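Trainee: Sharing a model prediction with you, sequence too.
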Amino acid sequence: MVTEAELVSLVHVLAAMTFLCGAFIQSLPIPMRSLKSQAPSLQWDAVLTEIAIGTVYSVRLLADWIQSMIASSLAIPVEPGTAYAVIMAQLIAIDGAIMLLITTVNATVVFAPLAELLARMLGSSAGWVTNTIILWTMLQIVILEISKLWLLFWTLGIVFFAIPFKLGRRLGAYLMSISIVSAISLPLLPSIALWLEAQIGYQNSLTQLESFVADILKDPLNVATALNVAAPALLLSIIGNLLAAVIIGLMVFPVSFLFMMSLVARSVASLIMGYGTPASFNIGSHDFLR
């Protein structure tokens, strides 16, 4: 596998090649202005490439600083592994509680009139929770891989950025922008999702669900009386509030977050490209006559 040091060496070679190419074009004893106008651009590209290669390791410090600043402003943990473990523990607990409720609803006399309807609604809720578990498992894999490879992709982007005549400028800019935006934003995603979930009222709904399940397991025959003969309606209300927090915080938000980060990456790529459009030559008889 190609290492970062090898890519850095390749970038230095390309930068030197670009600068020498610009110097050579500038020294040509021919009056082709459209060609000679590319010489200062090539030399400036070589300088920009050397500046970019100096950011390979300093960009890591920048990513860590931005993460810490955002995390401290929202009062959320920075470590994505801890936040991910909390999310998975929540989802598994909710999934288990819903499956237990489905069994209890089908076996308890209190819920007999609405047993089939409640079982279907709870089954649908369990499906949403399972889908959320799958989503976060995929996100965790992506976050782990990005944390290992983003600096390599940043360096690879600089390699394309350094190709003479801006031939790889667009691809290089997108690789650099995607790597830096992903490195900063993705590790914060689990923590921000937990923070948003808490703002919606997840913990209160989870406490009510746990209390409800405990009451059913403790005295299933008299649960309706204990809950003011409103057990089915109360159950649906608790499950609805809990699922609203889970779906908004752990399903809708991650997808929306990734979409917003794609827009940010595109803007960063445009900023990196600057004037970076492929050089075009118009070498013809008109140039010799200028």
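Mentor: Nice, thanks for sending it over.
Trainee: Against which helices or strands is the helix ranked longest in the chain packed?
Mentor: Longest helix of the chain, by residue count under DSSP state H: helix 115-161. Contact here means 3 or more CB pairs under 8 Å, 6 or more residues apart in numbering; DSSP states H and E; on that basis helix 115-161 packs against helix 4-26, helix 38-53, helix 58-74, helix 80-107, helix 169-185, helix 189-200, helix 231-247, helix 253-273. In short, each C-beta sits where N, CA and C put it, glycine included.
Trainee: show me the contacts for the residue nearest to the spatial centre of the chain.
Mentor: In the chain, the centroid-proximal residue (CA atoms, centre = their mean) is L186; its distance is 3.8 Å. L186 is in contact with P80, L139, V142, I143, I146, M261, counting by CB atoms under 8 Å, 6 or more residues apart in numbering.
Trainee: and with 7 Å instead?
Mentor: By CB atoms under 7 Å, 6 or more residues apart in numbering, the contact list for L186 reads V142, I143, I146.
Trainee: And those residues, which of them are buried?
Mentor: With neighbours counted by 16 or more other CB atoms under 10 Å, the contacts of L186 contain buried members at I143, I146.
Trainee: ok, back up a step: could I get the helices and strands packed on helix 115-161 in JSON lines, plus columns for distance to F161, mean pLDDT and mean neighbour count?
Mentor: Output for the helices and strands packed on helix 115-161, formatted as JSON lines (distance: least, CB to CB, whole Å; pLDDT from 0 to 100; neighbours: other CB atoms under 10 Å):
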{"stretch": "helix 4-26", "distance to F161": "8", "mean pLDDT": "83", "mean neighbour count": "16"}
{"stretch": "helix 38-53", "distance to F161": "6", "mean pLDDT": "82", "mean neighbour count": "18"}
{"stretch": "helix 58-74", "distance to F161": "14", "mean pLDDT": "74", "mean neighbour count": "14"}
{"stretch": "helix 80-107", "distance to F161": "29", "mean pLDDT": "79", "mean neighbour count": "17"}
{"stretch": "helix 169-185", "distance to F161": "3", "mean pLDDT": "89", "mean neighbour count": "22"}
{"stretch": "helix 189-200", "distance to F161": "27", "mean pLDDT": "82", "mean neighbour count": "20"}
{"stretch": "helix 231-247", "distance to F161": "41", "mean pLDDT": "73", "mean neighbour count": "19"}
{"stretch": "helix 253-273", "distance to F161": "8", "mean pLDDT": "90", "mean neighbour count": "15"}
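Trainee: Just tell me which of those ends up closest to V129.
Mentor: Closest to V129 of the helices and strands packed on helix 115-161 is helix 80-107 (CB to CB; 4.7 Å).
Trainee: That closest one packs against which elements?
Mentor: Using 3 or more CB pairs under 7 Å, 6 or more residues apart in numbering; DSSP states H and E, the elements in contact with helix 80-107 are helix 115-161, helix 189-200, helix 202-218.
Trainee: Need those in a markdown table (columns: distance to V181).
Mentor: Listed next are the helices and strands packed on helix 80-107 as a markdown table, based on distance: least, CB to CB, whole Å:
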| stretch | distance to V181 |
| --- | --- |
| helix 115-161 | 9 |
| helix 189-200 | 12 |
| helix 202-218 | 28 |
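Trainee: Tell me which of those is the most buried.
Mentor: Comparing those by mean neighbour count (mean count of other CB atoms under 10 Å), helix 189-200 ranks first with a mean of 20.
Trainee: Report pLDDT for D215.
Mentor: D215 is assigned 67 on the pLDDT scale.
Trainee: Tell me who's in contact with the residue lying closest to E4 once chain neighbours are set aside.
Mentor: Excluding the flanking residues, the one nearest E4 by CB to CB, 6 or more residues apart in numbering is T155, at 5.0 Å. Counting by CB under 7 Å, 6+ apart, T155 makes contact with E4, L7, V8, V56.
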